[in-house]
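Enquirer: sequence? don't have it. structure:
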């Protein structure tokens, strides 16, 4: 026997229609009621009723059309973007970044502060300062925040917010970062692996748009990947999906992955090991990643030899990903990965030799903002949910 309360189905349909209308306005901008009705497939009277309700709840506003509007006799409707805001935080080994976004996902401000922390306490102080400065720059306060998303290195237990294998930020190992952030801002945050957030960023604003199966391989100070499978971020059973550093190439017990690791913490070692064979090189100790890549671009023999080895190592990890999940595209990210345009052909050539179905390669164009873009997307979606639920309940 159907025990659904009388009136529950119409109420649910109305809520679905209201959310569909506001999502449409957030995605496509202001428009006339007739166009809204046509795009979502409901009658004009029902659309008018929904629009009136959303205006009363403060979720959308009614605007006078511009002079060039062919329907200027009729008003247009737009989603209100600044009822509340979302905050994105990127905790990196060198910088801590914070961004403020409105309900339409528009970036309102961004602040980057050097990560000079040597303890959890000092790290959280920098996080707090970066958020406060970003809020001030955007003209908001902590009371305006409704959602927070945080990107951090490591494996995150999504049920607790606890971090393991934090790598370059040892102060976060074993820390319940979700609880720490909630203690600071009084809002339970989304905590996500940083490379997973780059994958989300590529999905909404980069080379992952419209692609169901792709991966991000980040080669920088560390090595990691993010996977989007069947259109959804794939975290795995323990949250450790994409931790490609642990693929046991070479000696499986070599914890440094000496013969395969392409990340920044090994590139100087590789350069040093090859230097004796290139006495005419302009490169000198201490070897920095930037200097090595610039030397390779300029034709320096040692720089070119290091980059050739980097290409082989990067191809090896792409092959490992592709052989298991058969992605269409692999996007190279991270400080080294984003420089791969000038040595991408040898990567592609080796992949064709290794794999029967090599993926297409792309070099991320999101720059240092990839993590923030992904975090802001997740936070903005959650903020829209929370604001919609609160406003519609208050007006019902």
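Expert: Arrived safely. Bear in mind that the values here come from a model prediction, so they are computed numbers and not experimental data. Residues are numbered from 1 along each chain as shown.
Enquirer: distance between the ends of stretch 293-307?
Expert: 7 Å (C-alpha to C-alpha, to the nearest Å).
Enquirer: Can you list the neighbours in contact with it?
Expert: If you take C-beta atoms under 8 Å, 6 or more residues apart in numbering as the criterion, stretch 293-307 is touched by 267, 270-271, 274-275, 277-278, 280-283, 292, 336, 339, 342-343. Where C-beta positions appear, they are placed from N, C-alpha and C, glycine not excepted.
Enquirer: Number of residues surrounding the residue lying closest to residue 317 once chain neighbours are set aside?
Expert: Counting by C-beta to C-beta, 6 or more residues apart in numbering, residue 244 is the residue found nearest to residue 317 once chain neighbours are left out, at 5.1 Å. For residue 244, the count of nearby residues is 21 (other C-beta atoms under 10 Å).
Enquirer: And for residue 235?
Expert: 18.
Enquirer: List the contacts of it.
Expert: 158, 193, 196, 241.
Enquirer: Just give me the neighbour total for the first one.
Expert: Around residue 158 there are 13 other residues, counting by other C-beta under 10 Å.
Enquirer: So it is in contact with residue 240, correct?
Expert: No. Applying C-beta atoms under 8 Å, one finds residue 158 not in contact with residue 240, separated by 11.5 Å.
Enquirer: Got a ChimeraX select line for the buried ones in the contacts of residue 235?
Expert: For the buried members of these, the matching ChimeraX selection, counting by 16 or more other C-beta atoms under 10 Å, is:
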select :193,196,241
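Enquirer: before we move on, the earlier item: of the contacts of stretch 293-307, keep whichever come out buried.
Expert: For those, a burial check counting by 16+ other C-beta under 10 Å picks out 267, 270, 271, 274, 275, 278, 281, 283, 292, 336, 339, 343.
Enquirer: can you list those residues in CSV and add secondary structure?
Expert: As requested, the buried ones among the contacts of stretch 293-307 are exported to CSV (DSSP: H, G, I helix; E, B strand; the rest coil):
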residue, secondary structure
267, helix
270, helix
271, helix
274, helix
275, helix
278, coil
281, coil
283, coil
292, helix
336, helix
339, coil
343, helix
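Enquirer: so which of the residues you listed comes closest to residue 77?
Expert: For those, the residue nearest residue 77 by C-beta to C-beta is residue 339; the value is 45.6 Å.
Enquirer: Tell me which residues touch the closest one, please.
Expert: Under the criterion of C-beta under 8 Å, 6+ apart, the contact list for residue 339 reads residue 293.
Enquirer: same thing but 10 Å
Expert: Applying C-beta atoms under 10 Å, 6 or more residues apart in numbering to residue 339 gives the contacts 219, 220, 289, 290, 293, 294, 296, 297, 307, 310, 332, 363.
Enquirer: quick one on the thing from earlier: mind putting the buried ones among the contacts of stretch 293-307 in TSV, distance to residue 36 and pLDDT included?
Expert: Shown next, in TSV, are those (distance: C-beta to C-beta, whole Å; pLDDT from 0 to 100):
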residue	distance to residue 36	pLDDT
267	54	94
270	58	95
271	60	97
274	63	97
275	66	97
278	65	98
281	64	98
283	61	97
292	55	97
336	47	97
339	45	97
343	49	97
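Enquirer: A helix includes residue 216, no?
Expert: No. Assigned with three-state DSSP, residue 216 falls outside any helix and is strand.
Enquirer: related to what we said a few turns ago, ok, now which ones touch the residue nearest to residue 317?
Expert: 195, 215, 217-218, 223-225, 227, 257, 316-318, 320-321.
Enquirer: Let me see the domain layout of this protein.
Expert: The chain breaks down by automatic domain parsing into domains covering 8-80, 85-193+372-392, 207-365.
Enquirer: Now render the buried ones among the contacts of stretch 293-307 as TSV, adding distance to residue 386.
Expert: Shown next, in TSV, are these (distance: C-beta to C-beta, whole Å):
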residue	distance to residue 386
267	44
270	48
271	50
274	54
275	56
278	58
281	57
283	53
292	47
336	38
339	39
343	45
